[in-house]
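1. how would this look folded up:
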Amino acid sequence: MATCVAVVLLLTGLLTACGEEGPPSVDYALDARIDTYNANTVDGNAGGVLMATTRMLPGFSYLGASGQVTPDRDIGTVTPVPGAGLTLRYDFSPAARFSDETALDCDDLVLAWAAMSGRFPGFAPATTAGYRDIEAVDCDLASKTATVRFARGRDYRDWLSLFGAGTLLPAHVVARLAGVGDVVRPIRSGDRTAINKIADAWNTGFDLTPGTVDQARFPASGPYRVQQYSQSGGLELVANESWWGDAPAVSRIVLWGRGTDAERRLADGDFDIADVSSGIVGGELVPAGAEETRIPLPKPNRALAVEELVLAQRGVFAELNARQAFASCVPRDALARQFGQGAQIWNLRVLAPADNLAGQLNGAFGRAYARPNLNRARTLGAEAGDTLMTVRIGYLAPMQRRAQMVAAIADSCRQVGIEVVDAGSADITTGALGDEVDALIVANGASFAAAGAANPSRDAFALRGGDPLDINNYRNPQVSGAIDRLVAADLAADRLELVRTIENTAWATLPSIPLFAAPRMQVFGPGVDNVVAGLGRNGTGWNMDRWTVRD
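-> As a prediction, this is how the structure comes out:
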């Protein structure tokens, strides 16, 4: 490819020109940890990989700017089949294919279901939400049509989001890595040996690290494909020559996620677009050429994600009175004032501020823990039996705002003999909870980056016992049962009552401590147009193929 040279264009932001004939590209800084092509694993979900892959691996739907599920007819159509129970017909577009010219078909759909259904051993998905309710995927090998049947009484309300962007990984690549002819026949026959090989390939075969990119392992089915990846050069996306839809308006986009030069670029304004957690670096984020531009922050009441402390259910927090003692010294009111960017204290775990039901419920919960009660904390701490309780709080570092949050919690809890240790790390994973750390600061229960969707069904599984999204292994039959009913309930009144059940029980048992609407910054330089801030877990990159660069 042509040699690229960074140039500063006055009042038009920092753009990168690739040779004399090539069009300029866009530098997109995000807080995702891009270490896999598979956004559906536990680590891929936690790291925010969907922020990078939405337009490389599209599906039958995507999350729009407000986190709403939108059909993607470039890939195909989904049609409910009349009859008792939920049955869906999936039709792939005849033109749908990967960048290696392999067609998208039934094999990719069957693999996605098998990997995320929780029915087959070896797979390590981030959640089984929705897919666990599918009884069968009926189709012929390599067929362009499939029928998806849900179990009786398990009509998943958010069905349009299933098999969406990021979920349809190339089944032919997985089969090759696993050493099997195809993925469908072993899954259908229950061949455990082959399924274990397929699961291992799905779990780890798409690991993506800076260095030489094996194009055969990472084919794209969207308007962009991976070209190369390095710490100093970012993740370079170029137009996918095999894409059958409208060509992307910008032919080259460079993603700067964690592990690359992102922090320096954010601090120096060396980017065109940024979508990051507020306070990731000190000071305001101002893109090159935009020194006088003020970028309005998203309104907290539109947020789809809630920042919270998820507490381990073992170790120092094995006993309820220890969790209650810690919650009693956490200064939730002060944290919201100092770090919530105008957001109120948020008391709900399964509904975000943007949800229509949230307003009438938020004030009804968490009042006992709205502000520190140091006398109660001392009493409960004594009942826990520890003369000195030490709580290690982890978060994905570097993150200046969360480091300051931990310091504020430490100052408050120190007064009652609870020692809080900052355990933030650049290498932390959700698997550290209960071993390396006692609490994690995350969004929506499991994410270090962008999180959320307009429909809360998927994120509710952070409290569903046995689901991988339940990272602290919280198990409460009443809560799990209510979540199972919530994600299938159609009436708002029914959902309202189920949310009350979940939150009443969660506040009584404290698997987590919600804090406030997760504050994020979406900053756009004056050199790019048609950029629309994305509020869901796919971030602002949801329409990156429509971005344009000013002449």
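
2. surely Met399 meets Ile280?
-> Yes - Met399 lies in contact with Ile280 (Cβ atoms under 8 Å); the separation is 5.6 Å. Using the backbone N, CA and C atoms, a C-beta is placed for each residue, glycine as well.

3. mind checking how far the longest helix along the chain is from the chain centre?
-> In the chain, assigned by DSSP state H, the helix with the most residues is helix 492-509. Relative to its parent chain, helix 492-509 has a centroid offset of 24 Å by Cα atoms, centre = their mean, to the nearest Å.

4. I'd like the next helix or strand past that helix.
-> Sequence-wise, the next helix or strand downstream of helix 492-509 (DSSP states H and E) is strand 512-517.

5. that following strand to helix 492-509, inter-axis angle?
-> 120 degrees (axes from the mean of the first three to the mean of the last three Cα atoms, to 10 degrees).

6. in contact with the closest residue to Arg258 other than its chain neighbours: list those residues for me.
-> The shortest distance from Arg258 to any non-neighbouring residue, by Cβ to Cβ, 6 or more residues apart in numbering, is to Arg33 (4.4 Å). Neighbouring residues of Arg33 by Cβ atoms under 8 Å, 6 or more residues apart in numbering: 46-49, 257-259, 396, 448-449.

7. and Arg33, which of the three is it?
-> Using DSSP: H, G, I helix; E, B strand; the rest coil, the structure places Arg33 in coil.

8. could you measure from it over to Leu396?
-> Going from Arg33 to Leu396 by Cβ to Cβ, to the nearest Å gives 7 Å.

9. hey, what's in contact with both of these two?
-> 258, 448-449.

10. tell me the most packed of those, by neighbour count.
-> For these, counting by other Cβ atoms under 10 Å, the largest number of neighbours falls to Ala449: 30 neighbours.

11. now do the spatially closest residue to that residue that is not a sequence neighbour against Leu361, distance only.
-> Excluding its sequence neighbours, the residue lying closest to Ala449 (Cβ to Cβ, 6+ apart) is Gly48, at 2.5 Å. Using Cβ to Cβ, Gly48 is found at 27 Å from Leu361.

12. those two: which is more packed in?
-> Ranked by neighbour count (other Cβ under 10 Å), Gly48 and Leu361 place Gly48 first, with 29 against 17.

13. contacting residues around the more buried one?
-> With Cβ under 8 Å, 6+ apart, Gly48 has these contacts: 30-33, 447-451, 537, 539.

14. from the residues you listed, which ones fall inside strands?
-> Leu30 (DSSP state E).

15. residue contacts, Thr390?
-> 316, 418-421.

16. ok, now Arg376?
-> Going by Cβ under 8 Å, 6+ apart, the list of residues near Arg376 reads 324-325, 328.

17. in a markdown table, list those residues along with neighbour count and secondary structure.
-> Listed next are these as a markdown table, based on neighbours: other Cβ atoms under 10 Å; DSSP: H, G, I helix; E, B strand; the rest coil:
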| residue | neighbour count | secondary structure |
| --- | --- | --- |
| Gln324 | 23 | helix |
| Ala325 | 27 | helix |
| Ser328 | 24 | helix |
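
18. what residues are up against the nearest residue to Gly166 once chain neighbours are set aside?
-> Nearest residue to Gly166, sequence neighbours excluded (Cβ to Cβ, 6+ apart): Ala39, at 4.1 Å. Residues near Ala39 by Cβ under 8 Å, 6+ apart: 45, 49-50, 53, 57, 126, 166-167.

19. ok, which pair from the residues you listed is furthest apart?
-> Leu57 and Ala126 (15.0 Å; Cβ to Cβ).

20. of those two, who's got more company?
-> Taking neighbours as other Cβ under 10 Å, Leu57 and Ala126 compare with Leu57 leading, 30 against 25.

21. wasn't Gln338 part of a helix?
-> Yes - counting by three-state DSSP, Gln338 falls inside a helix.

22. helix, strand or coil for the nearest residue to it once chain neighbours are set aside?
-> Among residues not flanking Gln338 along the chain, Ala408 sits closest, at 6.8 Å (Cβ to Cβ, 6+ apart). Classification of Ala408 using three-state DSSP returns helix.

23. residues near Ala408, how many?
-> 17.

24. how much space separates it from Ala382?
-> From Ala408 to Ala382 the distance is 24 Å (Cβ to Cβ).

25. shaky segments in the protein?
-> 1-23, 290-297, 385-387 (pLDDT under 70).

26. what about the helices in it?
-> Using DSSP H, helices in the chain cover 42-47, 50-53, 106-116, 171-178, 184-189, 192-204, 262-268, 320-329, 332-339, 359-362, 374-384, 400-413, 477-486, 492-509.

27. list the buried residues in the second one.
-> Of the residues in helix 50-53, those buried by neighbour count under the rule 16 or more other Cβ atoms under 10 Å are 50-53.

28. same question, the first one
-> Buried residues in helix 42-47, counting neighbours by 16+ other Cβ under 10 Å, are found at 42-47.

29. what's the farthest-apart pair in those residues?
-> Val42 and Gly47 (9.5 Å).

30. adding distance to Ile502, write the buried residues of helix 42-47 out as JSON lines.
-> As requested, the buried residues of helix 42-47 are exported to JSON lines (distance: Cβ to Cβ, whole Å):
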{"residue": "Val42", "distance to Ile502": "22"}
{"residue": "Asp43", "distance to Ile502": "26"}
{"residue": "Gly44", "distance to Ile502": "26"}
{"residue": "Asn45", "distance to Ile502": "21"}
{"residue": "Ala46", "distance to Ile502": "22"}
{"residue": "Gly47", "distance to Ile502": "27"}
